[in-house]
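> Need a 3D model of the sequence below.
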Amino acid sequence: MNCRVDVLVDRADDVRTTRAIHALARSEPSVLAISIAPDARMAAGVIWAVLRPLGKRSEYLAGRPGWHHAQIWLAAHRIAEVVVLRAHHLTDDCGSALRACLQAAGVRRATFVYSGPIKAAPASTTTLAHLLERPRHALPAEPTASCWPIVPRTHPLRLRYECARVLSDDEFRQVEALFAAAFRTLAGWLYMNYRPTPGAVAVVTAAREPEQAFVRRCGAELALIRQGLPAPHVGHALVDPSRNRKADLARPRAYTDPAHAGYELVGEITGLSTELLEMIGGDQLDSTTILGAPAPPEAQPVLRAIASSCEPVLLKPPRSPDRDTSGPRRVHLLKRPVDRPTSTGLLDVLYLLLDRGRHAIRPDQIDAVTRSELDQLRADGIIDF
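Numbers count the residues shown, from 1 in each chain. Predicted structure coming up:
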């Protein structure tokens with residue numbers, strides 16, 4: 001779909017024009033008003049002019065913003081029309097890049113407003129009254145979830161064979177990708193944690209549709225069969241609907257990276273731990289559901305921005321802007337005071353886990369004495385391991 005570009009020249013630089021356009025953007029969710037600063041000679045300044053009205057904050061971005069960030073969030077917020085105030089501050093290169101970004105994001109219409117007595121201003125193609133009174137169509141309905149093929153109810157070891165026999169080639173590739181993703185995800189968890197937990201199995205097997213849930217469950221069971229482990233009983237829901245009313249989604253929407261924004265948002269809604277959040281695949285999230293449970297409307301733009309992939313797509317942000325780093329770092333690991341001496345090996349392990357931010361350590365990296373001390377501390381209820 002081509003993006004139609006109009007030009008509005010306001011030679012009087014009337015403040016009422018700016019106020020009317022911002023009022024239009026507030027009343028129409030599909031209209032975005034951005035303002036180009038006089039010093040926005042580089043692409044980063046123009047990109048932030050797009051991201052700021054969408055709720056993004058520069059301190060929540062790791063690295064330099066790119067045009068792909070603007071494109072992702074324009075599409076995620078379903079922006080159909082953009083009004084560019086102070087467009088005369090755009091350079092030729094930035095103006096061309098902005099038009100290409102709007103085109104790629106699916107924006108149907110753009111209006112560039114030139115303010116003040118500009119010598120080389122282009123001719124107007126519209127007026128303020130026409131811009132404000134222009135009819136705007138309602139946003140299209142959310143796309144329905146894809147219909148998964150009916151999968152034969154068989155043993156996990158025979159699932160691929162049975163699916164290859166009864167499904168088409170495209171359907172088989174779709175099922176095989178999900179089956180392999182669930183297997184790899186839980187197999188990686190077992191590699192780092194040595195045993196399954198109900199929470200890990202519940203995350204891996206959660207899905208929107210019954211067919212997806214069965215394929216994911218078969219992949220998880222195959223990972224357990226490979227290790228000779230029984231499947232733990234999963235008897236609780238991962239998402240509590242009551243948390244949706246209490247969740248604070250302002251900070252998740254401020255992240256520019258969709259993986260970081262999704263991590264904070266899903267963590268705020270579900271309350272899952274760090275390890276479990278990083279196991280969630282993109283197929284378990286859509287614009288209306290999280291792990292098969294309804295999501296609040298405020299979360300929909302972030303969920304749309306996450307690519308639909310069978311593999312894990314959420315990523316913990318590299319740092320927290322709200323964290324206070326002025327004082328000494330405190331880590332609450334012990335459940336009660338320890339009155340026994342600790343060895344150097346145990347202190348080294350705790351240093352790796354706490355100061356280096358690692359989630360787990362492989363058993364071959366711990367000597368037998370240190371492992372026995374950790375096991376004893378866990379058996380005494382002193383630490384969670």
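
> Using CSV, write out every CA atom in stretch 54-68.
Output in CSV follows, covering the C-alpha atoms of stretch 54-68 (Å, rounded to 0.1, in the frame of the first residue of the first chain):
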residue,chain,number,x,y,z
LEU,A,54,4.7,6.4,21.0
GLY,A,55,5.9,6.4,24.6
LYS,A,56,9.5,5.3,24.1
ARG,A,57,12.3,6.7,26.2
SER,A,58,15.9,7.1,25.3
GLU,A,59,17.2,5.7,28.6
TYR,A,60,15.5,2.4,27.8
LEU,A,61,17.4,1.8,24.6
ALA,A,62,20.7,0.0,24.5
GLY,A,63,22.6,1.4,21.5
ARG,A,64,21.7,3.8,18.7
PRO,A,65,18.1,3.8,17.5
GLY,A,66,17.5,2.7,13.9
TRP,A,67,14.8,3.1,11.3
HIS,A,68,13.7,-0.4,11.9
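
> How about that stretch, which residues are buried there?
Leu54, Lys56, Tyr60, Leu61, Pro65, Trp67 (16 or more other CB atoms under 10 Å). No exception for glycine: its C-beta is placed from N, CA and C like everyone else's.

> Kindly report the same for stretch 12-26.
Result for stretch 12-26 [16+ other CB under 10 Å]: buried residues Thr17, Thr18, Ile21, Leu24, Ala25.

> thinking again about what came up before, out of the buried residues of stretch 54-68, who's nearest Glu268?
Tyr60 (14.3 Å; CB to CB).

> need the buried residues of stretch 54-68 in JSON lines with secondary structure, can you?
As requested, those are exported to JSON lines (DSSP: H, G, I helix; E, B strand; the rest coil):
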{"residue": "Leu54", "secondary structure": "helix"}
{"residue": "Lys56", "secondary structure": "coil"}
{"residue": "Tyr60", "secondary structure": "helix"}
{"residue": "Leu61", "secondary structure": "coil"}
{"residue": "Pro65", "secondary structure": "coil"}
{"residue": "Trp67", "secondary structure": "helix"}
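
> how about these, which pair is most distant?
Tyr60 and Trp67 (18.2 Å).

> returning to what we had before: which residue in the buried residues of stretch 54-68 has the weakest pLDDT?
Within these, Leu61 has the lowest pLDDT, namely 75.

> Hmm, that residue is touching Ala261, no?
No. Applying CB atoms under 8 Å, one finds Leu61 not in contact with Ala261, separated by 10.7 Å.

> Please enumerate the shared neighbours of those two.
Residues within reach of Leu61 and of Ala261 at once, by CB atoms under 8 Å, 6 or more residues apart in numbering, are Tyr255.

> give me the number of residues near His137?
By other CB atoms under 10 Å, 8 other residues sit near His137.

> Report pLDDT for it.
His137 is assigned a pLDDT of 79 by the prediction.

> again, but for Pro53
93.

> my guess is it is in a helix, correct?
Yes. Judged by three-state DSSP, Pro53 forms part of a helix.

> check contacts around it.
Taking CB under 8 Å, 6+ apart, we find Pro53 in contact with Ala25, Leu32, Ala33, Ile34.

> Spit out the contact partners of the third one.
It refers to Ala33. Ala33 is in contact with Ile21, His22, Leu24, Ala25, Pro53, Val82, Val83, Leu85, counting by CB under 8 Å, 6+ apart.

> From the contacts of Pro53, which land in strands?
Per DSSP state E, strands hold the following members of those: Leu32, Ala33, Ile34.

> Gln376 belongs to a helix?
Yes. Remark: Gln376 belongs to a helix, assigned using three-state DSSP.

> pretty sure Ser273 is touching Ala200, no?
No. Contact criterion CB under 8 Å: Ser273 and Ala200 do not qualify, at 9.8 Å.

> Among these two, which residue is more densely surrounded?
Neighbours were counted for Ser273 and for Ala200 using other CB under 10 Å; Ala200 has more, 22 against 14.

> ok, and the closest non-adjacent residue to that one?
Trp189 (5.0 Å; CB to CB, 6 or more residues apart in numbering).
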